[in-house]
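**Q** just coords:
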Ligand SMILES: Nc1ncnc2c1ncn2[C@@H]1O[C@H](COP(=O)(O)OP(=O)(O)OP(=O)(O)O)[C@@H](O)[C@H]1O
């Protein structure tokens, strides 16, 4: 399986270290969740993985090729990024916005039946079909978030990097989005999610990366990484780890550790 890797990434912004020598990798057909407190460096790492930011040192590789050596259009076909703050500022209808996800496949604006099928499928999976013809700008925050997820899904990238994709979604659409990420990974996509919801993280992750102060403090499978001790170091909180009636984990922060 072609892997997305990052090795020895270091980055300072305005003289402050934001990434400090971090290394790791992701596999196709799996879900990796990146956890960490506000400011830990998660979004910055994602932006390096999407080649939106160049590290001061270190390298990101895709299938052994440095990401920066891959032509932008090819990169856009391979990696779909759902950024954290993605406001919609243009006067564009929903279906047209989702259709932009197909641009990397053509290099110019044209449509074929495969594009239409991918757009329709992405809109169904995100429950956006019902407002396909509305202006995206006039949708609610959560509806806009679903449209932007649909745009990424429509591109059918090999890799999806999503920064807090559940942040604006109601509980039902959170469950839909998680099911969608799982199905997408099962079909072969490498899915990398930044999440703050520890229960959702525990339920969906095949692998976890926990960041703190620009470094990685733990990485590995859920049982190994999502422990009270790691979460205490990462967030400075005490957690309760339980199970629901199906045996799936439920993790609740209980108290700050003084
Ligand atoms: N453009 C910038 N200039 C200066 N500092 C920045 C810039 N972007 C991010 N930072 C700093 O880098 C650090 C990491 O930011 P980043 O957005 O990667 O954190 P994060 O883990 O994604 O946090 P959150 O959970 O709040 O989204 C923060 O301290 C932030 O203030």
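**A** Received it, and whenever you're ready, just let me know what you need. These numbers were taken from a predicted model, which means no experiment stands behind them.
**Q** so the host helix or strand of residue 9, near the ligand or not?
**A** Following DSSP states H and E, one finds residue 9 within strand 4-13. Yes: against the ligand, strand 4-13 shows contacts by C-beta under 6 Å from any ligand atom at residue 13. Any C-beta I mention is one placed from the backbone N, CA and C, and that applies to glycine too.
**Q** run me through the strand neighbours of the next helix or strand after that strand, direction for each.
**A** Sequence-wise, the next helix or strand downstream of strand 4-13 (DSSP H and E) is strand 16-26. Applying DSSP bridges, strand 16-26 is found paired with strand 4-13 (antiparallel).
**Q** buried residues in the partner strand, which are they?
**A** Neighbour-count burial for strand 4-13, counted by 16 or more other C-beta atoms under 10 Å, picks out 4, 5, 6, 9, 11.
**Q** out of these, which comes closest to the ligand?
**A** Using C-beta to the nearest ligand atom, residue 11 comes nearest to the ligand of the buried residues of strand 4-13, at 8.6 Å.
**Q** ok, the nearest residue to that closest one once chain neighbours are set aside - contacts?
**A** The shortest distance from residue 11 to any non-neighbouring residue, by C-beta to C-beta, 6 or more residues apart in numbering, is to residue 19 (4.2 Å). Contacts for residue 19 were tallied using C-beta atoms under 8 Å, 6 or more residues apart in numbering; they are 9, 10, 11, 41, 44, 45, 48, 55, 214.
**Q** which of these sits closest to the ligand?
**A** residue 44 (3.4 Å).
**Q** residues contacting that closest one?
**A** Counting by C-beta under 8 Å, 6+ apart, residue 44 touches 11, 13, 18, 19, 53.
**Q** so can I have a markdown table of the residues you listed showing distance to residue 72 and pLDDT?
**A** Shown next, in a markdown table, are the contacts of residue 44 (distance: C-beta to C-beta, whole Å; pLDDT from 0 to 100):
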| residue | distance to residue 72 | pLDDT |
| --- | --- | --- |
| 11 | 21 | 98 |
| 13 | 23 | 93 |
| 18 | 24 | 97 |
| 19 | 23 | 98 |
| 53 | 15 | 95 |
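**Q** out of the residues you listed, who's nearest residue 258?
**A** Residue 258 lies nearest to residue 18 out of the contacts of residue 44, by C-beta to C-beta, at 27.3 Å.
**Q** mind checking the SS state of the residue positioned nearest the centre of the chain?
**A** Nearest to the mean C-alpha position of the chain, by C-alpha atoms, centre = their mean, lies residue 162 at 1.8 Å. Secondary structure state of residue 162, per DSSP: H, G, I helix; E, B strand; the rest coil, is strand.
**Q** how is residue 43 assigned, secondary-structure-wise?
**A** When the rule is three-state DSSP, residue 43 gets the label helix.
**Q** check the protein for its longest helix and report it.
**A** In the chain, assigned by DSSP state H, the helix with the most residues is helix 171-186.
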